[in-house]
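> what follows is a predicted protein model with its sequence.
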Amino acid sequence: MRKLISILILSLLVNFAMGQNSIKTSAKYICPPCNASCDGIEHDSPGVCPHCNMVYVRKDFSKTIAFYLQDGVEVLDFAGPMEVFAYAGYEVFTVSATQKPIRSQGILTVTPDYSIENAPKADILAFFGGNSAAAYKNKKVIDWIKSQEDVQYYFSVCTGAFVLAESGILDGKTATTFHNSLDDLESQYPEVDVRKNVRFVDNGKVITTAGISAGIDGALHLVAKLQGLNAAKRTAYYMEYDNWNIGDGLILATDNPYNVPSKPDLSIFEGTYEYKDNTHLVLAYDEANGNLNAKIQGTNYPIYHEKEDLFSDTNSQPVFFKRNEKNEIVGYELIENTRLFKKLN
């Protein structure tokens, strides 16, 4: 019996060690796609790309997203979410009925990467407003949407919801759209539960948003679902989207990224600390956003709580807070078990 117990314990220790090792070594990080030579480089840890100054993202979090664009598409409908998804590390490509150039709002000329005849498979399909009838009244486009397999998420902005409705994807689901088109969506597709006065609606696999700027909120919400709330916060910070009201939508899905068992009190980390080059920083608790704010030479930088005394900065680099034997915060380390930047008061 003792021999059997010893074997079991040894097996558990080996499995635990292997698990710990896989956590440390399996994750690879890449630069968000920017059409430069750095796109193909893999890294073993988080950081910032020295070529394009973008924050690395975990390779296994990356998704492919097909943006279907029709002639007359609203610029910010697709450009806002495109900025969100690109910074979050997703590979975005454009698709249209043909590969002929289209005009966004009669101003911006866009040449689609693919047509519906040759577009590759995507993890996420996205549709946008602005002359959306050119898409949802085109039978070939609707047939193409219906033929797509293993789509993980459907996403629409503004009247792009009509494309999803015409494809049957919104049947029996709750949705929203541009405020001037809510009644039309409700009357044309009675099987859809249309909601007013919401920025976005999350059904789980299907996310629809209100018009134009609301697409940014919906895109940040999808990033939060896929990568965690801190990834969405970093994206919003990078975009200087300062007025983002986190979670301001109708969430019907079970994977709500804003549900936390208990909101930690981060005020215990407030104070003045040593910093690099004999300077100092001041940490203040931003209760509204659940972060710390580090004021360095007059500029605020958010510090995101990960777990317990572990935080991360805007570049995904870890910040390790340390305590003394009395459980008091005494400082932080930027690299664990190296220099301690002391808490001054």
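Sure thing, it's come through. Numbers count the residues shown, from 1 in each chain.

> residue nearest the centroid of the protein?
V223 (1.9 Å; Cα atoms, centre = their mean).

> and the lowest mean pLDDT element among the helices and strands of the protein?
The least trusted helix or strand in the chain, going by mean pLDDT, DSSP states H and E, turns out to be helix 2-25, with a mean of 35.

> so where is the stretch 101-250 of the chain shaky, pLDDT-wise?
Along the stretch 101-250 of the chain, segments meeting pLDDT under 70 are nowhere present.

> can you pull out the helices in it?
Using DSSP state H, counting those that start in this stretch, the helices found in the stretch 101-250 of the chain span residues 133-136, 139-147, 161-166, 182-188, 214-227, 229-238.

> and the first one, how far from the chain's centre?
For helix 133-136, the gap between its own C-alpha mean and the chain's C-alpha mean amounts to 28 Å (Cα atoms, centre = their mean, to the nearest Å).

> and it, what does it pack onto?
Using 3 or more Cβ pairs under 8 Å, 6 or more residues apart in numbering; DSSP states H and E, the elements in contact with helix 133-136 are helix 161-166. For glycine as for every other residue, the C-beta is placed from the backbone atoms N, C-alpha and C.

> rewinding a little: touching, the residue nearest to the centre of the chain and A232? I think so.
Yes - using Cβ atoms under 8 Å, V223 is in contact with A232, at 4.4 Å.

> joint contacts of those two?
A88 (Cβ atoms under 8 Å, 6 or more residues apart in numbering).

> how about stretch 279-298: buried residues?
281-285, 289-294 (16 or more other Cβ atoms under 10 Å).

> ugh, wrong one, I meant stretch 190-198
Buried residues in stretch 190-198 (16+ other Cβ under 10 Å): 192-195, 198.

> convert that stretch to PDB, retaining C-alpha atoms only.
C-alpha atoms of stretch 190-198 as PDB (Å, rounded to 0.1, in the frame of the first residue of the first chain):
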ATOM      1  CA  PRO A 190     -40.500  39.700 -36.500                       C
ATOM      2  CA  GLU A 191     -38.600  36.600 -35.300                       C
ATOM      3  CA  VAL A 192     -35.900  38.900 -34.000                       C
ATOM      4  CA  ASP A 193     -36.300  40.500 -30.500                       C
ATOM      5  CA  VAL A 194     -35.200  44.000 -31.300                       C
ATOM      6  CA  ARG A 195     -34.000  46.100 -28.400                       C
ATOM      7  CA  LYS A 196     -33.700  49.900 -28.200                       C
ATOM      8  CA  ASN A 197     -31.400  52.200 -26.200                       C
ATOM      9  CA  VAL A 198     -28.600  49.700 -25.900                       C
END
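
> just send the buried residues of stretch 279-298 back as a markdown table, with secondary structure too.
Shown next, in a markdown table, are those (DSSP: H, G, I helix; E, B strand; the rest coil):
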| residue | secondary structure |
| --- | --- |
| L281 | strand |
| V282 | strand |
| L283 | strand |
| A284 | strand |
| Y285 | strand |
| N289 | coil |
| G290 | coil |
| N291 | strand |
| L292 | strand |
| N293 | strand |
| A294 | strand |
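
> ok, so of those, who is nearest D248?
Closest approach to D248 among these (Cβ to Cβ): N289, at 12.8 Å.

> find the nearest non-adjacent residue to the closest one, please.
Sequence neighbours aside, I246 is the residue nearest to N289 in space, at 6.8 Å (criterion: Cβ to Cβ, 6 or more residues apart in numbering).

> give the contact list for the one you found.
With Cβ under 8 Å, 6+ apart, I246 has these contacts: 229, 232-233, 258, 289.

> most neighbours of all those residues, which one?
Most neighbours among the contacts of I246, by other Cβ atoms under 10 Å: A232, with 25 neighbours.

> what's the closest of the buried residues of stretch 190-198 to I169?
V192 (9.8 Å).

> wait, doesn't that closest one sit right on A175?
Yes - with contact defined as Cβ under 8 Å, V192 reaches A175; the gap is 5.3 Å.

> anything in contact with each of those two?
165, 185.

> give me the angle between the longest strand belonging to the chain and helix 229-238.
The single longest strand within the chain, with elements called by DSSP state E, is strand 299-307. Counting by axes from the mean of the first three to the mean of the last three Cα atoms, to 10 degrees, strand 299-307 lies at 170 degrees to helix 229-238.

> tell me the one of the buried residues of stretch 279-298 nearest K342?
L281 (11.8 Å).

> who does that closest one bridge with?
Y273 (DSSP bridges).

> and it, how far is that from S96?
According to Cβ to Cβ, to the nearest Å, L281 stands 49 Å off from S96.

> against K28, how distant is the closest residue to S62 other than its chain neighbours?
Of all residues beyond its chain neighbours, the one nearest S62 is G89 (5.1 Å), with distances taken as Cβ to Cβ, 6+ apart. As judged by Cβ to Cβ, G89 and K28 stand 12 Å apart.

> now list whatever residues contact both of these two.
R58.

> in terms of neighbours, single out the busier of those two.
Legend: neighbour count by other Cβ under 10 Å for G89 and K28, higher for G89 (24 against 13).

> ok, now how distant is the more buried one from L125?
18 Å.

> quick one on the thing from earlier: contacting residues for the residue nearest to the centre of the chain?
Counted by Cβ under 8 Å, 6+ apart, V223 has contacts 84-85, 88, 231-232, 235.
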